[in-house]
Each structure stands twice: as C-alpha cells, then as structure tokens.
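Chemist: Pasting the sequence and the predicted coordinates here, then a few questions.
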Amino acid sequence: MPYLFLQLLYKMCGMENEKGNEVYSKVVRAGKRTYFFDVKSTKGSDLFLTITESKKVQQDGKEVFQKHKIFLYKEDFEKFQDGLADVINKIESLKELGETYSTVEENSYANISFEEL
C-alpha cells in the first residue's frame, strides 16, 4: 500500500478542470474543522498536494476562519504516506492497550536539530 497515494494522484492527472491548476479536490468535514485536500499541477505538469485545515474561531467578536496549509510535493509523497501510516498505527496500538503517553519517544523528531534539516 505504500504507492496507493502516489497512484491515486497520477490517475487524476488527466482531470484538469476550469480552475486552472486544480486537478482534484476533496473536502472532509470533521467536527469543528474542515480539511481540504487539493491536487494541483505545476506549469511543468508535475502534481502536488495542498492540505488545508480550516477552523471557525472567534476573533474580536467576529467569526473568522483560521487556516493552516501544508504543501506536499511529489518527491515527498511516499515518505509522507509512510510517516502518516506509522503514527496512525501507533495511535491505534496505544488505544488497544489503553495506554496514554505525555512524552515523545526517544527516536522521534524531538532529537532532530534544525541544523540537520
């Protein structure tokens, strides 16, 4: 299943619509948040993904949407999918054991310095 994500994006390559570089869009409503998964193409016909989290919040007495966006490029699809699958599997196994943790494991990102990035 590591290539499923990549295969899905390449299958959509020929589905470009009137929105310019937007190839495909999926909206996921999840409680107070909405997630937008948008597949887009570059001028060179490479595909990339934007993931946007949108949440309604109160600001100065008005309702506004707070948005956070991630750009994911084709060279990172497989690593992103593997990392996401790993943490979801970890969450599921912890839930099965009934355990909770408040610290980060030793082999995680906490031991990476910014110089390494």
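Modeler: Sure, I can see it.
Chemist: Which strands and helices lie in contact with the longest helix seen in the chain?
Modeler: Longest helix in the chain by number of residues, with DSSP state H as the criterion: helix 77-97. Other helices and strands packing on helix 77-97, by 3 or more Cβ pairs under 8 Å, 6 or more residues apart in numbering; DSSP states H and E, are helix 4-11. Bear in mind the C-beta positions are built from the backbone N, C-alpha and C, glycine included.
Chemist: State the mean pLDDT of the helix or strand just after the helix it packs on.
Modeler: Going down the chain from helix 4-11, the next helix or strand is strand 22-30, by DSSP states H and E. The pLDDT scores in strand 22-30 average 94.
Chemist: name the helices or strands packed onto strand 22-30?
Modeler: Partner elements for strand 22-30 (3+ Cβ pairs under 8 Å, 6+ apart): strand 33-41.
Chemist: Can you give the contact residues for the strand it packs on?
Modeler: Contact with strand 33-41 is made by 9, 12-13, 16, 21-28, 47-55, as judged by Cβ atoms under 8 Å, 6 or more residues apart in numbering.
Chemist: please redo it, this time with the cut-off set to 7 Å
Modeler: By Cβ atoms under 7 Å, 6 or more residues apart in numbering, the list of residues contacting strand 33-41 from outside reads 9, 12, 16, 21-28, 47-55.
Chemist: That strand: which residues count as buried?
Modeler: Neighbour-count burial for strand 33-41 flags 34, 38-41 (criterion: 16 or more other Cβ atoms under 10 Å).
Chemist: What is the least confident helix or strand in this protein?
Modeler: Least confident helix or strand, the chain: helix 4-11 with a mean of 52, by mean pLDDT, DSSP states H and E.
Chemist: what residue ranges in this protein score low on pLDDT?
Modeler: Applying pLDDT under 70 to the chain flags the ranges 1-20, 100-117.
Chemist: Go again with 50.
Modeler: 1-3, 6-7, 13-19 (pLDDT under 50).
Chemist: now V57: how far from R29?
Modeler: Distance, V57 to R29, by Cβ to Cβ, to the nearest Å: 16 Å.
Chemist: Since that was my last question, I'll sign off now.
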